[in-house]
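Quick one, fold the following:
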Amino acid sequence: MRREIAEILRTKAREARRLRELGVKAVVADRPRDFLGALGRQGRCGLIAEIKFSSPSSGILRKRGDPVAIGKRYEEAGACALSVLTESRYFGGDIRFLPRLREAVSLPILRKDFLVHEVQVAESAAFGSDAVLLIASFLSSRRLAAMIEACRRARLAPLTEVHDEHDLEKALACGAQIIGINNRDLRTFRVNLAVTERLARLIPSGCFLVSESGIRSGEDVRRLRDAGAHAVLVGSALMRSGDVLDKARELVMRGEEKP
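Prediction:
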């Protein structure tokens, strides 16, 4: 595991302990938006457009600015959902982005972070997310199952991220319905879209597939749709682009093209 990720996980464990000490209880999301439904529009590969200002693998992606302005452009471009990085040290995020975006756009919002305990699911619901990312590699089977169940009680959609066959087997055994295949190797940070092509064949037909990381062009979207992806989650290519509206439109249009 990369040093940066190990540091993030230690920080998130401390944050979870602090939330538990504060007595944060289960929270039910207030009128959650249908994240799963947004992915399930037949005949297209939707775009989950991400707001992140930096990353450990790429450094600064975009000068930190107003996330609301970016979210509005993504919605205008036709994205099916937003992904919002809330980890601050390495990704330039802030959990306080969530309520601001919820007020400004109508799209479902995914909180993307390195969550390690059910109390952080409650925190996510309290701040207005409609879905959360759960990373199978960093959670025991018992903890992952508990967090998926916590999402169900909170009326949030869990996007369970996997990196290999072992992660996928764990996710399915824990009841994951929305599977995110991350094309990035967490040890080297290298990306390979063939990871989605390999693992997609193992995902049951009743699940929804989101491909994550390394998606740079409309051709990549078409390739992943052909592999079975219902949606792609794209951050770096959008945030690096000179015009996020034009870039998002490019990816949305390729995802909606007929085979």
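
Sketch out the low-pLDDT regions of the stretch 1-150 of the chain for me.
Regions of the stretch 1-150 of the chain meeting the criterion pLDDT under 70 cover residues 1, 42.

What segments of it are strands?
Secondary structure of the stretch 1-150 of the chain by DSSP state E, counting those that start in this stretch: the strands cover 46-51, 54-55, 59-60, 81-85, 109-112, 131-135.

Pull the distance from the last one to the chain's centre.
The one in question is strand 131-135. Relative to the centre of its chain, strand 131-135 is centred 6 Å away, using Cα atoms, centre = their mean, to the nearest Å.

I'd like to know which of the strands of the stretch 1-150 of the chain lies nearest to Gly92.
strand 54-55 (4.5 Å; Cβ to Cβ). The C-beta positions use only the backbone N, C-alpha and C, and glycine is treated the same way.

so which helix or strand takes in the closest residue to Glu161 other than its chain neighbours?
Nearest residue to Glu161, sequence neighbours excluded (Cβ to Cβ, 6 or more residues apart in numbering): Gly180, at 4.2 Å. Remark: Gly180 resides in strand 178-182, with elements defined by DSSP states H and E.

Quick one: distance of that strand to the chain centre.
Here strand 178-182 is found 9 Å from its chain centre; the criterion is Cα atoms, centre = their mean.

Show me what that strand is in contact with.
Applying Cβ atoms under 8 Å, 6 or more residues apart in numbering, the contact partners of strand 178-182 are 35-36, 39, 131, 133, 157-163, 168, 171-172, 195-196, 199-200, 203, 207-213, 229, 233.

what pairs with that strand, and is each one parallel or antiparallel?
Paired strands of strand 178-182, with direction, are strand 157-162 (parallel), strand 208-212 (parallel) (DSSP bridges).

Output the longest one as CSV, restricted to C-alpha atoms.
Going back to what we said before, that points to strand 157-162. Once non-C-alpha atoms are left out, strand 157-162 reads as follows in CSV (Å, rounded to 0.1, in the frame of the first residue of the first chain):
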residue,chain,number,x,y,z
ALA,A,157,-26.5,3.9,-2.2
PRO,A,158,-23.2,2.1,-1.6
LEU,A,159,-20.8,2.1,-4.5
THR,A,160,-18.5,-0.8,-3.6
GLU,A,161,-15.1,-0.4,-5.2
VAL,A,162,-13.0,-3.4,-6.2
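
Please tell me how far that strand is from the chain's geometric centre.
When distances are taken as Cα atoms, centre = their mean, strand 157-162 is centred 8 Å away from the chain's centroid.

now do the shortest one
The chain centroid and the centroid of strand 208-212 are separated by 9 Å, computed with Cα atoms, centre = their mean.

So which elements touch the helix ranked longest in the chain?
Of all the segments of type helix in the chain, defined by DSSP state H, the longest one is helix 3-21. The contact analysis (3 or more Cβ pairs under 8 Å, 6 or more residues apart in numbering; DSSP states H and E) places helix 3-21 against helix 118-126.

quick one, the helix it packs on and helix 3-21 angle?
Note on geometry: by axes from the mean of the first three to the mean of the last three Cα atoms, to 10 degrees, helix 118-126 and helix 3-21 are set 80 degrees apart in direction.

Mind giving me the packing neighbours of helix 118-126?
Under the contact criterion of 3+ Cβ pairs under 8 Å, 6+ apart, helix 118-126 touches helix 3-21, strand 131-135, helix 141-154.

Just checking: what are the partner strands of the shortest one?
Using DSSP bridges, the strands paired with strand 131-135 in its sheet are strand 109-112 (parallel), strand 157-162 (parallel).

For the shortest one, which residues meet the burial criterion?
It stands for strand 109-112. When neighbours are counted by 16 or more other Cβ atoms under 10 Å, the buried residues of strand 109-112 are found to be 109-112.

Let's have those residues in CSV, adding distance to Ser83.
CSV is the format used below for the buried residues of strand 109-112 (distance: Cβ to Cβ, whole Å):
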residue, distance to Ser83
Ile109, 8
Leu110, 4
Arg111, 8
Lys112, 5
